[in-house]
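Chemist: Model the structure of this input:
(one chain, ligands or ions: 5)
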Amino acid sequence: MDKKLGPAIQFPAMDVLKQRWRNEWLWAFIRLFGRNIITALGATLTTTSALLILALAILGALRLYDTPYVGIMAFLVLPGFFILGLILIPLGVYWERKRATQCSGGAHNPPPYPQIDFNQPQVRRMAGIIATLTAANIFILSLVSYQGVVFMDSVAFCGTVCHTVMEPEYTAYLRSPHARVKCVECHIGPGAPWFVRSKLSGVGQVLAVTFGTYDRPIPTPVRNLRPSRDTCEQCHWPEKFTGDRIKVITRFSQDEANTPLKTILVMHIGGGNQGRGGIHSWHIDPHKQTMYIAVDPQRQVIPWVQVKNADGTVTEFAIKDGTLTTEQMATAEKRVMDCIDCHNRPTHIYQLPGEAMDEAMAAGRIDPTLPYIKKVGVQALEQATGPKPAALEHIAQQVRTYYQQNYPDVYVARRQTIEAAIREMQAIYRRNVFPQMNVTWGTYPNNIGHQHFSGCFRCHDDEHVSEDGRTIRQDCDLCHTILAWEEENPEVLQQLQIR
Ligand code: HEC
Ligand code: HEC
Ligand code: HEC
Ligand code: HEC
Ligand code: HEC
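Modeler: Numbers count the residues shown, from 1 in each chain. Ligands and ions are numbered 1, 2, ... in the order given. Model prediction:
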């Protein structure tokens, strides 16, 4: 405010002056931005989107909306218009000057640049306007870039914006031990270079989603996933000694009584540079390095493995027959083994029908006293096909028909229990099969263990031999001690007092 003008009410004459000042202010603004249609358009775009961004940012801060689409509007789309407007403004000025030159048929030089003389009140005013607007722009841009980054790093953005695309991974993630870990903590990790890389590859992904050209299913493994050193090891560190862990696995047989069978393993996880044997002690020893070549894109077939020992010596293990040619050896990608080569499903954990039924029955969500429920359930889940609603209906029909035909009295007496089992089976299906993304049972292999996928046995198969005749061993007590194997009432369970 101009101090000389003083309070308006006391001096009516001043009021007139102030009015004039205001008009001139407005006039200067119009002269600055309204001279040319492009500049005017730019100013309008920038001003409107700035106001909208501010409004949405305030609504967001007050938590008045809860959909990622508003975030996309506020932090990705509107900023685009905002910046476009900012670019148009000087473009219009440039165009205007060029036109002025051309109108004179090139006879004149372009009009002279205005003299910047701060003794003239008009120049001072103009400078004031420009400074204020620039400050406002910088404020809005920094607000938008900060909020935009926070928003793009949110689980809601990664998991729900491209709904169909990420539905399988997001659904599996929500039920995993890492459901409270943000997507970006594993997929991007800390630091600027990977942040920039991820945003660059994000542009390609946005295009793929826009034009529907993305792969269905999304291929695994993730080719450019950041080494787990920088991601998993923010929270888990290799030196942590885990020791032996007892694992009790309950599986139900496919007989009338669904007889539960227990397998009890002592997992020799180890770790912590203790020098004792163990899975982690050996595999994540920082002084060793294991490298391998896989011949299929999913890294399931591994004909060659190399170990760099602590003393610098190197041992190579190769499949007995079926060695790679020299050319293949030279061109193949040699991958350094890290956490992900075993823990490739730490959070996107999909189940197979049998495993999922076992878990639901052990937890009591499906009543194991229903005759043949395991067998019927597994069959219904495996045979469900087509789009989701049809498949879910198919599961229900198949189970109902089975009991109507084979156990009519059970069907009548235990209708509620059967319907509850059906609802749980449908939930299992929904969590694991995503027809729109071509994700079905077993699409994503799990590399821990060796039950349904090769997993550890990709290398530990007694078939990979070194030059001195050693193999990568498959001894059943190498990774775990088997205390009981599919027993109905293992004695050891009572001894250990495990229920
Ligand atoms: C605990 C770490 C972790 C978290 C948290 C995580 N992921 Fe993953 N993600 C992985 C790993 C590991 C893979 C498999 C990498 C491989 O096999 O190369 C993967 C793979 C994927 C794939 C490729 C398809 C597949 O299943 O192999 C997509 C897509 C994906 N994640 C999306 C997400 C989204 C979306 C979120 C958040 C909702 C998320 N991830 C959270 C670790 C994580
Ligand atoms: C932000 C921290 C964080 C990051 C990053 C992280 N984890 Fe975890 N992880 C945890 C926590 C916390 C738990 C324990 C969860 C529980 O017991 O419910 C856990 C549990 C686990 C478990 C045991 C799961 C089970 O069934 O009990 C494994 C295996 C694991 N993480 C592997 C990984 C791998 C592999 C990565 C990298 C891809 C990773 N984690 C990244 C925090 C993290
Ligand atoms: C050679 C394969 C392999 C590698 C490599 C590996 N792990 Fe594991 N890890 C396992 C197995 C097997 C288990 C036990 C799983 C079970 O009990 O079902 C395990 C268990 C775990 C657990 C759970 C421990 C507990 O207390 O129950 C965590 C956490 C974990 N691993 C993290 C990691 C991290 C982080 C890395 C990388 C630094 C890593 N692992 C590398 C195979 C591996
Ligand atoms: C890419 C190949 C590869 C995969 C996959 C692999 N390993 Fe290994 N593992 C090796 C090699 C090579 C050795 C060292 C063999 C030797 O020197 O005798 C080894 C050694 C071990 C040892 C130590 C053996 C000893 O003599 O003390 C354990 C335990 C082990 N692995 C567990 C696992 C588990 C559990 C998995 C699956 C979750 C697994 N490994 C997956 C290649 C692999
Ligand atoms: C290289 C390590 C390794 C070797 C060798 C190995 N296993 Fe395993 N095994 C595992 C791991 C890891 C799991 C646990 C997977 C999980 O977390 O559920 C497992 C799980 C099992 C299970 C439980 C399966 C289930 O979920 O119902 C049985 C049974 C089993 N192993 C038997 C054997 C037998 C028999 C041998 C010898 C031929 C053997 N294993 C050799 C690593 C190994």
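Chemist: Please list the residues outside stretch 231-240 that contact it.
Modeler: Contact partners of stretch 231-240, identified using C-beta atoms under 8 Å, 6 or more residues apart in numbering, comprise 181, 185-187, 189-190, 271-273, 280, 284-286, 339-340, 343, 346. No exception for glycine: its C-beta is placed from N, CA and C like everyone else's.
Chemist: In CSV, could you pull the C-alpha coordinates for that stretch?
Modeler: Output in CSV follows, covering the C-alpha atoms of stretch 231-240 (Å, rounded to 0.1, in the frame of the first residue of the first chain):
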residue,chain,number,x,y,z
THR,A,231,15.2,-51.8,-0.3
CYS,A,232,14.6,-54.8,1.9
GLU,A,233,17.7,-54.0,4.0
GLN,A,234,16.2,-50.7,5.1
CYS,A,235,14.2,-52.9,7.5
HIS,A,236,15.8,-56.4,7.5
TRP,A,237,19.5,-56.7,7.7
PRO,A,238,21.6,-59.8,6.8
GLU,A,239,23.6,-59.8,10.0
LYS,A,240,20.5,-60.3,12.1
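Chemist: who touches the closest residue to Glu167 other than its chain neighbours in this structure?
Modeler: Using C-beta to C-beta, 6 or more residues apart in numbering and skipping the chain neighbours, the partner closest in space to Glu167 is Phe434 (5.7 Å). Contacts for Phe434 were tallied using C-beta under 8 Å, 6+ apart; they are Glu167, Pro168, Thr171, Pro217, Thr440.
Chemist: go with 10 Å
Modeler: Shown in contact with Phe434 (C-beta atoms under 10 Å, 6 or more residues apart in numbering): Thr164, Glu167, Pro168, Glu169, Thr171, Ala172, Arg216, Pro217, Tyr350, Lys388, Thr440, Thr443.
Chemist: Mark which of those residues are buried, thanks.
Modeler: Buried members of those, scored by 16 or more other C-beta atoms under 10 Å, are Glu167, Pro168, Glu169, Thr171, Ala172, Pro217, Tyr350, Thr440, Thr443.
Chemist: Let's see which of the residues you listed end up in helices.
Modeler: Glu167, Pro168, Glu169, Thr171, Ala172 (DSSP state H).
Chemist: from the residues you listed, which is closest to ligand 1?
Modeler: Ligand 1 has its nearest neighbour among these in Glu169, at 3.9 Å by C-beta to the nearest ligand atom.
Chemist: Assess the claim that that closest one and Met437 are in contact.
Modeler: Yes: between Glu169 and Met437 there is a contact under C-beta atoms under 10 Å: 9.3 Å.
Chemist: what do the two both touch?
Modeler: With C-beta under 10 Å, 6+ apart, Glu169 and Met437 have common neighbours Pro217, Ile218.
Chemist: about what we covered before: so which of the contacts of Phe434 would count as near ligand 4 as well?
Modeler: Among the contacts of Phe434, no residue sits close to ligand 4 (C-beta under 6 Å from any ligand atom).
Chemist: Roughly how far does Val70 sit from ligand 2?
Modeler: Counting by C-beta to the nearest ligand atom, to the nearest Å, the gap between Val70 and ligand 2 amounts to 27 Å.
Chemist: And for Gly191?
Modeler: 14 Å.
Chemist: Contact partners for that residue?
Modeler: Residues near Gly191 by C-beta under 10 Å, 6+ apart: Arg226, Asp230.
Chemist: Point out the residues in this protein that sit beside ligand 2.
Modeler: Residues of the chain found near ligand 2 (C-beta under 6 Å from any ligand atom) are 177-178, 181, 185-186, 228, 231-232, 234-236, 339, 343, 346.
Chemist: May I have the secondary structure class of Thr347?
Modeler: Judged by DSSP: H, G, I helix; E, B strand; the rest coil, the three-state class of Thr347 is coil.
Chemist: closest to ligand 5 among the ones in helices among the buried ones among the contacts of Phe434?
Modeler: Ala172 (16.2 Å).
Chemist: Now that closest one: closest residue in space, sequence neighbours ignored.
Modeler: Setting aside the residues directly before and after it, Ala172 is nearest to His348 in space (C-beta to C-beta, 6+ apart), at 4.4 Å.
Chemist: isn't the one you found right next to Tyr173, touching?
Modeler: Yes: using C-beta under 10 Å, His348 is in contact with Tyr173, at 5.9 Å.
Chemist: The two: which is more packed in?
Modeler: Tyr173 (21 against 18; other C-beta atoms under 10 Å).
Chemist: Next one: that one from ligand 2, what distance?
Modeler: 12 Å.
Chemist: show me what contacts that residue?
Modeler: Tyr173 makes contact with Val155, Cys158, Gly159, Met166, Ala179, Val181, Cys183, Cys186, Pro346, Thr347, His348, Ile349 under the criterion C-beta under 10 Å, 6+ apart.
Chemist: Flag every residue of the stretch 151-300 of the chain that's near ligand 3.
Modeler: 228, 232-233, 236, 238, 242, 245, 247, 267, 269, 279-280, 283-284.
Chemist: now for those, which pair is the farthest apart?
Modeler: In those, two members sit farther apart than any others by C-beta to C-beta. They are Glu233 and Lys247, at 23.8 Å.
Chemist: Compare those two (neighbour count), which wins?
Modeler: Between Glu233 and Lys247, counted using other C-beta under 10 Å, Glu233 has the larger neighbour count: 16 against 12.
Chemist: if I look at the more buried one, how far off is Glu239?
Modeler: As defined by C-beta to C-beta, to the nearest Å, Glu233 lies at a distance of 10 Å from Glu239.
Chemist: and if you look at Ala396?
Modeler: Going from Ala396 to Glu239 by C-beta to C-beta gives 51 Å.
Chemist: Can you tell me the closest non-neighbouring residue to the residue nearest the centre of the chain?
Modeler: Ranked by distance to the mean C-alpha position of the chain (C-alpha atoms, centre = their mean), the top residue is Cys183 at 4.3 Å. Nearest residue to Cys183, sequence neighbours excluded (C-beta to C-beta, 6+ apart): Cys158, at 4.0 Å.
Chemist: Burial check on Ser201, number of neighbours?
Modeler: 11.
Chemist: just the one 3 residues further on next, same as before
Modeler: Gly204 is surrounded by 11 other residues when neighbours are defined as other C-beta under 10 Å.
Chemist: Quick check, pLDDT for it.
Modeler: Gly204 carries a pLDDT value of 82.
Chemist: and it, what is it in contact with?
Modeler: Thr213, Tyr214.
Chemist: That one: which element?
Modeler: Assessed by DSSP states H and E, Gly204 sits inside helix 192-210.
Chemist: one step back: arrange the ones in helices among the buried ones among the contacts of Phe434 in TSV, one row each, with distance to Phe252 and pLDDT as further columns.
Modeler: Shown next, in TSV, are those (distance: C-beta to C-beta, whole Å; pLDDT from 0 to 100):
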residue	distance to Phe252	pLDDT
Glu167	29	92
Pro168	26	94
Glu169	29	95
Thr171	24	95
Ala172	23	95
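Chemist: Which pair of those spans the longest distance?
Modeler: Going by C-beta to C-beta, the pair spanning those furthest: Glu167 and Ala172, at 9.6 Å.
Chemist: can you point me to the longest helix in this protein?
Modeler: helix 121-152.
Chemist: about what we covered before: give the helix, strand or coil label for the residue nearest to Cys183.
Modeler: Going by three-state DSSP: Cys158 is helix.
Chemist: any idea how far it lies from Ala390?
Modeler: Counting by C-beta to C-beta, the gap from Cys158 to Ala390 is 30 Å.
Chemist: okay, these two: which has more neighbours?
Modeler: Set Cys158 next to Ala390 and count neighbours by other C-beta under 10 Å: Cys158 wins out with 20 against 11.
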